[in-house]
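S.K.: quick one, structure for this:
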Amino acid sequence: MSTYVHETHVTRQGEAAAVAVFERNNNSIVNVVDVALQGRAAASPEVDVPEGNGTGFIWDEEGHVVTNYHVVLNSLKALGPDPAARLPGKEPPKVAKVTLLLPAGAGAEQTFDAELVGADRSRDLAVLRLRGAPPSALRPVALGGSEGLRVGQQCFAIGNPFGFTRTFTSGVISALDRDIRSPLGTTIPGGIQTDASINPGNSGGPLLDSAGRVIGVNTAIFTPTGSSAGVAFAIPVDLVKRVVPQLIANGKVVRPSLDAQIATDSVAQRLNVGRGALIQAITPGGAAEKAGLLPTRRGLSGIITGDVIQALNERPINSGGDLLAALDGLEAGDTVALKVIRSTDQGLQELELQAILAAGK
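M.R.: Residues are numbered from 1 along each chain as shown. Down below sits the predicted model:
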């Protein structure tokens, strides 16, 4: 077989695999429009894409849809500080219009109202439930895992960039374990970086592996122009699999907490803190104070850096994002072992402390 014929055969195999990924997931992808913004012009080459026009995917046969918190942000703002609060006898609030494909023969697509089930601002995730969608149209995605992901492996995105529905793009995983700065200003640990083309409107859609399984939820792009620059980020699926069931069951996520504010990377760098999670402030009477942790504070000679957590239950902590990721796998009431570096008048001191995790707000 000639080199040309062999390369053509390999190319066609790759194309067939990509087509299979799209066809497997196309009917599971939905367009999500925040009802607080309904009525704005739809996207076209002549007009801007409406804010709040995003993507989601069908989670289960009960009609739950996963998307980003920021996709339905305006409706959530209108619901107050606890948008998913469930009041007895009250119907869950409608927050979005969701468009999905119907089974063959039933029409191309249809739009349904979607009510809020739960929302997690810190992880930029929201769960909606479709009202009145036929069971035959509810085709859940297949979920992958974060553990086996490798830099360089192929990945795909399906979404609604600029309102162009079910757009399919491909790329590779460019990096793993990135701390994502979400559009809401929160930090999401363990993020996936990809060069797959992600644009406004892709938010909330799935990042897929070559088997068509969800490995992340597309949430942010790094760009000076507002459109794709080849640097995009997705929430890792293992985090999604922890958060979504809690949102469905309780409407919110109760996270374990040290009752401490962790300094951002830039603040830590300004204070010449290298590896670890710097304690910037603590809640009086909270878990951190009870464990003996010290915050960053002002002394007679200037700012005294707080304790720096470098390990939690023997797990290395290199940044604030690492600490968030470590806490995500624990529960309130758990006792954790901390390895800490403390600044003293005699220099740096290594300490081992124990803390009982509190229930986060």
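S.K.: can we go C-alpha only for contacts and neighbour counts from here?
M.R.: Noted.
S.K.: so where's the protein uncertain?
M.R.: Low-confidence regions of the chain, defined by pLDDT under 70, span residues 1-11, 38-52, 86-89, 104-107, 222-229, 361.
S.K.: recalculate using a threshold of 50.
M.R.: 6, 40-51 (pLDDT under 50).
S.K.: check which helix or strand covers the spatially most central residue of the chain.
M.R.: In the chain, the residue lying closest to the centroid (CA atoms, centre = their mean) is residue 235, at 3.5 Å. Assigned by DSSP states H and E, residue 235 falls within strand 232-236.
S.K.: and that strand, what does it pack onto?
M.R.: Here strand 232-236 touches strand 187-194, strand 214-221, going by 3 or more CA pairs under 8 Å, 6 or more residues apart in numbering; DSSP states H and E.
S.K.: so how far is it from its chain's centroid?
M.R.: Mean C-alpha position of strand 232-236 versus that of the full chain (CA atoms, centre = their mean, to the nearest Å) differs by 7 Å.
S.K.: for residue 176, which non-adjacent residue is closest in space?
M.R.: Excluding its sequence neighbours, the residue lying closest to residue 176 (CA to CA, 6 or more residues apart in numbering) is residue 192, at 4.9 Å.
S.K.: measure that neighbour to residue 241 for me?
M.R.: Per CA to CA, to the nearest Å, residue 192 is found 15 Å from residue 241.
S.K.: again with residue 21
M.R.: On the measure of CA to CA, residue 21 and residue 241 end up 21 Å apart.
S.K.: any residues touching stretch 71-87, and which ones?
M.R.: The contact list for stretch 71-87 (CA atoms under 8 Å, 6 or more residues apart in numbering) reads 32-37, 51-55, 92, 95-96, 116-119, 203-204, 251-252.
S.K.: so who does residue 157 touch?
M.R.: Contacts of residue 157 (CA under 8 Å, 6+ apart): 167-170, 196-198, 205-208, 218.
S.K.: for the stretch 151-300 of the chain, what spans make up the strands?
M.R.: 154-159, 167-181, 187-194, 206-208, 214-221, 232-236, 256-257, 260-262, 277-282, 297-299 (DSSP state E, counting those that start in this stretch).
S.K.: will you turn the ones you listed into JSON lines that also has distance to residue 125?
M.R.: Shown next, in JSON lines, are those (distance: least, CA to CA, whole Å):
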{"stretch": "strand 154-159", "distance to residue 125": "16"}
{"stretch": "strand 167-181", "distance to residue 125": "13"}
{"stretch": "strand 187-194", "distance to residue 125": "11"}
{"stretch": "strand 206-208", "distance to residue 125": "12"}
{"stretch": "strand 214-221", "distance to residue 125": "9"}
{"stretch": "strand 232-236", "distance to residue 125": "9"}
{"stretch": "strand 256-257", "distance to residue 125": "18"}
{"stretch": "strand 260-262", "distance to residue 125": "22"}
{"stretch": "strand 277-282", "distance to residue 125": "24"}
{"stretch": "strand 297-299", "distance to residue 125": "34"}
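S.K.: return the most buried member of those strands.
M.R.: Highest mean neighbour count among the strands of the stretch 151-300 of the chain (mean count of other CA atoms under 10 Å): strand 206-208, with a mean of 30.
S.K.: mind giving me the packing neighbours of that strand?
M.R.: Against strand 206-208 (3+ CA pairs under 8 Å, 6+ apart) you get strand 154-159, strand 214-221.
S.K.: neighbouring strands for the shortest one, and are they parallel or not?
M.R.: In the sheet, strand 154-159 lines up against strand 167-181 (antiparallel), strand 206-208 (antiparallel) (DSSP bridges).
S.K.: could those strands go into TSV alongside distance to residue 102?
M.R.: Formatted as TSV, the strands paired with strand 154-159 follow (distance: least, CA to CA, whole Å):
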stretch	distance to residue 102
strand 167-181	18
strand 206-208	19
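S.K.: between those strands, which one is nearest to residue 275?
M.R.: Distance to residue 275, taken as CA to CA, is lowest for strand 167-181 among these, at 14.6 Å.
S.K.: picking up where we left off before, who has more neighbours out of residue 21 and residue 241?
M.R.: Legend: neighbour count by other CA atoms under 10 Å for residue 21 and residue 241, higher for residue 21 (22 against 13).
S.K.: where does the more buried one land in three-state SS?
M.R.: Using DSSP: H, G, I helix; E, B strand; the rest coil, the structure places residue 21 in helix.
S.K.: what residues are up against it?
M.R.: Contacts of residue 21 (CA under 8 Å, 6+ apart): 208, 210-212.
S.K.: from residue 195, how far out is it?
M.R.: Distance from residue 21 to residue 195, by CA to CA: 18 Å.
S.K.: just residue 101 next, same as before
M.R.: For residue 101 relative to residue 195 (CA to CA), the value is 28 Å.
S.K.: before we move on, back to that, and the strand holding residue 235, C-alpha only, in CSV?
M.R.: Presented in CSV, the C-alpha positions along strand 232-236 are these (Å, rounded to 0.1, in the frame of the first residue of the first chain):
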residue,chain,number,x,y,z
ALA,A,232,-10.5,27.7,26.2
PHE,A,233,-11.4,26.0,29.5
ALA,A,234,-13.8,23.3,30.6
ILE,A,235,-15.0,22.2,34.1
PRO,A,236,-13.7,18.6,34.6
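S.K.: what does it contact?
M.R.: Under CA under 8 Å, 6+ apart, the answer for strand 232-236 is 146, 180, 188, 190-198, 207, 215-222.
S.K.: one step back: give the buried subset of the contacts of residue 21 as a ChimeraX selection command.
M.R.: Applying 16 or more other CA atoms under 10 Å to these, the buried members can be selected in ChimeraX as follows:
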select :208,210,212
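S.K.: make JSON lines out of the contacts of residue 21 and add distance to residue 271.
M.R.: Shown next, in JSON lines, are the contacts of residue 21 (distance: CA to CA, whole Å):
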{"residue": "208", "distance to residue 271": "40"}
{"residue": "210", "distance to residue 271": "43"}
{"residue": "211", "distance to residue 271": "45"}
{"residue": "212", "distance to residue 271": "45"}
